[in-house]
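A.B. asks: Dropping a prediction and its sequence here:
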Amino acid sequence: MSLEQSIFWIIPPLHILLAIAASAHALLNKADSRGAFGWIALCIILPLAGSILYLIFGINRVNSAAQRHYITKLYKDSSDTIKEPVGTHFRPLSMVGERVVGKGLSSCDKVDILVNGEELYPSMLEAIENAKECVLLGTYIFDRDETGMRFVKALAAAKQRGVETKVIVDGMGEWMGLHRIGQVLHKYDLPFVRFNPITLIPPALNINLRSHRKVLVVDHQYAFTGGANIGDRHLAERSDNAHRVQDIHFRLQGRIVDELEWAFRRDWYYCNNSVQPAPFKHRNPNRPESRIWSRLILDGPNKSLDRLSDLMLGVISAAKERVWIMTPYFIPTADLIGALVGAHLRGVDVQILLPGENNIKPAHWASRNILRFILENDIQIAYQEPPFIHSKILLVDEQYSLIGSANMDPRSLRLNYEIGVELFDQTLNQHLSEYFVKRRAKARPVTKEEIANRSLPVRLRDALAWLFSPYL
């Protein structure tokens, strides 16, 4: 029998076996019936090629890789939290996060809102310059520019004074600038690691599994977190700044600082492939009399997968009065859209503020493809005028605020390692509401007609961008 004849007889049974195997895998592992049906149809219709395409693109290796790689344990000496502080009325909103992470609330002595780099960077640098015990800095982007060098020199001076100094920069985020900051950090002999570095030898080119977390902890007393990276781009008041970004960040004090320090050290030991020799010790008491209460939410494609997504779904579904969202990238899943529509139908005031011009054009296009489904239900959406606003806040009713690094898109909620902090306090919620209202007053409403009247080429472009939205 010739080679051609052998191939002719081998291909049909091979196709059947591979199609059955791929179809079974899709049936057992796909959460969406439509996605499973599509892959099964492709495997049957395209001999061999369909099964090969499923092998390459259909199997979710991101989460399994994260669960294999991100294995680190940093035990605490105690993890006492308070489920329902005396005199508070946070439930049912507080119950959602409690069920998501299995922990109660931690006290927060003070929260300062820092708008743009003009307010944020002086506060961060002052804390570093006055540090006596430790400075722990983790960020996604650390630009090698004037602002970045100010931080490098402040960190180096702290190390010179004998302060424990550690820096984590995401391996992909470091490439967002023309010049990498890692070379400078090494030059100043600063303890520095890259989160999942991009390397050619050995090959490690996975652009997913990124750490989008931003946190600075100083002397166990102050913790900074929010959406801002480090670089000149966040100096929004400089008119000569071509790529300026508006953002909001927070300085926290109290027991929540311990939680954020634990999160940083957990990442540090993961990046170093090492283990903390002793349990992590809390430095701040959990004050029962606190006015502000908080909870840390760590999210990532490892065992923490979907925590922030589930949290958002839960608190939006529990809202009674209002749900106000400000985010730079808005590509919600079908269940989040359903939660927003359901809240609106219950009479909840649902408002969404987005940037009118985005620094990632495909993300903006994909978002516009989704907006029609939301606008059809008369939910208010508005575009903010430039410069680009990168702020991320979720306000529910009068006491609940969610801050942190996560956007409301598939990359943040499925691929990235993110950090979120729930804050329960009416005064803080009021201040953030005022920030929201101020931004909304300058924003332009998005109408159903605007989205519906897009030309066919634009609609096709937006839909194609949406198709690749999990990786934007």
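C.D. replies: That came in fine, so what should we check first?

A.B. asks: all contacts plus neighbour counts: C-alpha atoms, from now on.
C.D. replies: OK.

A.B. asks: per-residue confidence for Gly356?
C.D. replies: Here the pLDDT value assigned to Gly356 is 92.

A.B. asks: quick one: it and Glu385 touch, right?
C.D. replies: Yes: Gly356 lies in contact with Glu385 (Cα atoms under 8 Å); the separation is 5.6 Å.

A.B. asks: So those two - more neighbours on which side?
C.D. replies: Taking other Cα atoms under 10 Å, Gly356 and Glu385 do not tie; Gly356 has more neighbours (18 against 15).

A.B. asks: Chain neighbours aside, what residue packs nearest to that one?
C.D. replies: What sits nearest to Gly356 in space, not counting adjacent residues and going by Cα to Cα, 6 or more residues apart in numbering, is Tyr383, at 4.4 Å.

A.B. asks: Phi, psi for that neighbour please.
C.D. replies: Dihedral angles of Tyr383 (phi, psi; degrees, to the nearest 10) stand at phi -100, psi 130.

A.B. asks: Same check on Asn284?
C.D. replies: phi -110, psi 140.

A.B. asks: so where is this structure shaky, pLDDT-wise?
C.D. replies: Filtered on pLDDT under 70, the chain yields the residue ranges 1-16, 18-19, 26-39, 42, 48, 50, 52-79, 200-207, 276-277, 471-472.

A.B. asks: Just want the most central residue of it.
C.D. replies: Centroid-nearest residue in the chain: Ala406, 2.4 Å away (criterion: Cα atoms, centre = their mean).

A.B. asks: any idea whether that one is helix, strand or coil?
C.D. replies: Assigned state for Ala406: coil (three-state reduction, DSSP: H, G, I helix; E, B strand; the rest coil).

A.B. asks: Okay, it and Leu298: tell me how far apart.
C.D. replies: Using Cα to Cα, to the nearest Å, we find Ala406 at a distance of 10 Å from Leu298.

A.B. asks: what touches both of those two?
C.D. replies: Residues touching both Ala406 and Leu298 (Cα atoms under 8 Å, 6 or more residues apart in numbering): Glu418, Ile419, Gly420.

A.B. asks: now these in CSV, with distance to Glu261 and neighbour count?
C.D. replies: Below are the shared contacts of Ala406 and Leu298 laid out as CSV (distance: Cα to Cα, whole Å; neighbours: other Cα atoms under 10 Å):
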residue, distance to Glu261, neighbour count
Glu418, 15, 25
Ile419, 12, 26
Gly420, 14, 22
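
A.B. asks: so of those, which ones are in strands?
C.D. replies: Residues of those located in strands (DSSP state E): Glu418, Ile419, Gly420.

A.B. asks: Mind putting those residues into TSV with distance to Ile248?
C.D. replies: Listed next are those as TSV, based on distance: Cα to Cα, whole Å:
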residue	distance to Ile248
Glu418	16
Ile419	15
Gly420	14
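
A.B. asks: Tell me the one among the residues you listed nearest to Leu456.
C.D. replies: Glu418 (36.2 Å; Cα to Cα).

A.B. asks: didn't Val218 look like it was pressed against Asn130?
C.D. replies: No: Val218 is not in contact with Asn130 according to Cα under 8 Å; the separation is 9.0 Å.

A.B. asks: quick one, what contacts Ser294?
C.D. replies: Leu105, Ser106, Ser107, Cys108, Ile256, Val421, Glu422, Leu423, Phe424.

A.B. asks: what about Ala263, helix or strand, and which?
C.D. replies: Assessed by DSSP states H and E, Ala263 sits inside helix 255-271.

A.B. asks: who's in contact with the nearest residue to Asp299 once chain neighbours are set aside?
C.D. replies: Take Asp299 and drop its neighbours on the chain: the residue closest to it by Cα to Cα, 6+ apart is Glu418, 5.1 Å away. Contacts for Glu418 (Cα under 8 Å, 6+ apart) come out as Ser211, His212, Arg213, Leu298, Asp299, Gly300, Gly404, Ser405, Ala406, Ser412.

A.B. asks: Distance check, Glu418 against Arg91.
C.D. replies: From Glu418 to Arg91 the distance is 25 Å (Cα to Cα).

A.B. asks: One more: Asn302?
C.D. replies: For Asn302, the distance to Arg91 - Cα to Cα - is 29 Å.

A.B. asks: cool, and Glu133?
C.D. replies: Distance, Glu133 to Arg91, by Cα to Cα: 38 Å.

A.B. asks: between those two, who's got more neighbours?
C.D. replies: For Glu133 versus Arg91, neighbours defined as other Cα under 10 Å are more numerous around Glu133 (15 against 11).

A.B. asks: Surely that one touches Val163?
C.D. replies: Yes: using Cα under 8 Å as the test, Glu133 is close enough to Val163 to be in contact (5.0 Å).

A.B. asks: Going along the chain, name the helices of the stretch 351-472 of the chain.
C.D. replies: Along the stretch 351-472 of the chain, counting by DSSP state H, counting those that start in this stretch, helices occupy 361-375, 410, 426-441, 448-452, 456-467.

A.B. asks: Now those in JSON lines, please, with extra columns for distance to Glu321 and mean neighbour count.
C.D. replies: What follows is the helices of the stretch 351-472 of the chain, written out as JSON lines (distance: least, Cα to Cα, whole Å; neighbours: other Cα atoms under 10 Å):
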{"stretch": "helix 361-375", "distance to Glu321": "19", "mean neighbour count": "20"}
{"stretch": "helix 410", "distance to Glu321": "27", "mean neighbour count": "20"}
{"stretch": "helix 426-441", "distance to Glu321": "13", "mean neighbour count": "16"}
{"stretch": "helix 448-452", "distance to Glu321": "24", "mean neighbour count": "13"}
{"stretch": "helix 456-467", "distance to Glu321": "31", "mean neighbour count": "16"}
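
A.B. asks: With respect to Ala236, which of those lies nearest?
C.D. replies: helix 426-441 (14.5 Å).

A.B. asks: Only alpha carbons, please: show the closest one as PDB.
C.D. replies: The C-alpha trace of helix 426-441 is given here as PDB (Å, rounded to 0.1, in the frame of the first residue of the first chain):
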ATOM      1  CA  GLN A 426     -20.500  57.100  54.600                       C
ATOM      2  CA  THR A 427     -18.200  60.000  54.700                       C
ATOM      3  CA  LEU A 428     -15.700  58.500  52.300                       C
ATOM      4  CA  ASN A 429     -18.500  57.500  50.000                       C
ATOM      5  CA  GLN A 430     -19.800  61.000  50.000                       C
ATOM      6  CA  HIS A 431     -16.300  62.400  49.100                       C
ATOM      7  CA  LEU A 432     -16.000  60.000  46.200                       C
ATOM      8  CA  SER A 433     -19.500  60.800  45.100                       C
ATOM      9  CA  GLU A 434     -18.600  64.400  44.900                       C
ATOM     10  CA  TYR A 435     -15.600  63.500  42.800                       C
ATOM     11  CA  PHE A 436     -17.900  61.500  40.600                       C
ATOM     12  CA  VAL A 437     -20.500  64.200  40.300                       C
ATOM     13  CA  LYS A 438     -17.800  66.800  39.400                       C
ATOM     14  CA  ARG A 439     -16.500  64.600  36.600                       C
ATOM     15  CA  ARG A 440     -20.100  63.800  35.500                       C
ATOM     16  CA  ALA A 441     -21.000  67.400  35.200                       C
END
